[in-house]
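Asks: Sequence first, predicted model second:
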Amino acid sequence: MENQKLPNATIVLVLGILSVLTICCYGIFSIIFGVIGIILANQDSKLYHQNPTQYSNYNNTKVGKVLSIVGLTLGAIFLIIIIGMIAYLGEDGLLQMQEEMLRRQRLQ
């Protein structure tokens with residue numbers, strides 16, 4: 001009998017990659033992609049552990065799960081930092097900081 005592929009392995013891998021790539025989007029998309037990737041990876045892991053000899057692409061699931069965890073963690077840290085900056089500086093403070101950074105960049 002030929003080995004089957006896990007149903008969500010490729011999706012988990014893609015979601016893990018997207019989770020890492022979207023960290024710079026205030027962490028929101030990274031958290032969403034990471035959570036979905038981890039949920040689907042856990043489903044595939046349960047399926048794989050029931051009959052390991054039946055499935056061939058478990059490595060994609062493992063790598064996707066690790067990437068999802070990394071993206072989720074870094075996205076959450078980034079989001080917490082952004083919320084903290086808004087709470088500490090306020091919107092006006094953030095705008096002033098951005099203007100100052102742009103002004104310094106133009107001078108260089």
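Replies: That came through, no problem.

Asks: which regions of this protein lie under the pLDDT threshold?
Replies: Within the chain, the stretches with pLDDT under 70 are 1.

Asks: Spatially central residue in it, please.
Replies: Residue closest to the mean C-alpha point of the chain, counted by C-alpha atoms, centre = their mean, is residue 19 at 2.3 Å.

Asks: Quick check: the gap between that residue and residue 103.
Replies: Using C-beta to C-beta, to the nearest Å, we find residue 19 at a distance of 34 Å from residue 103. Quick note: C-beta positions are derived from backbone N, CA and C, even for glycine.

Asks: Now do the contacts for residue 66.
Replies: Taking C-beta atoms under 8 Å, 6 or more residues apart in numbering, we find residue 66 in contact with residue 16.

Asks: hey, which helix is longest across the chain?
Replies: Longest helix in the chain by number of residues, with DSSP state H as the criterion: helix 58-107.

Asks: that older thread, nearest spatial neighbour of the residue nearest to the centre of the chain, skipping sequence neighbours?
Replies: Ranked by C-beta to C-beta, 6 or more residues apart in numbering and with sequence neighbours excluded, the top spatial neighbour of residue 19 is residue 71, at 2.7 Å.

Asks: Could you do residue 52 as well?
Replies: Nearest non-adjacent residue to residue 52, counting by C-beta to C-beta, 6+ apart: residue 58, 7.6 Å away.
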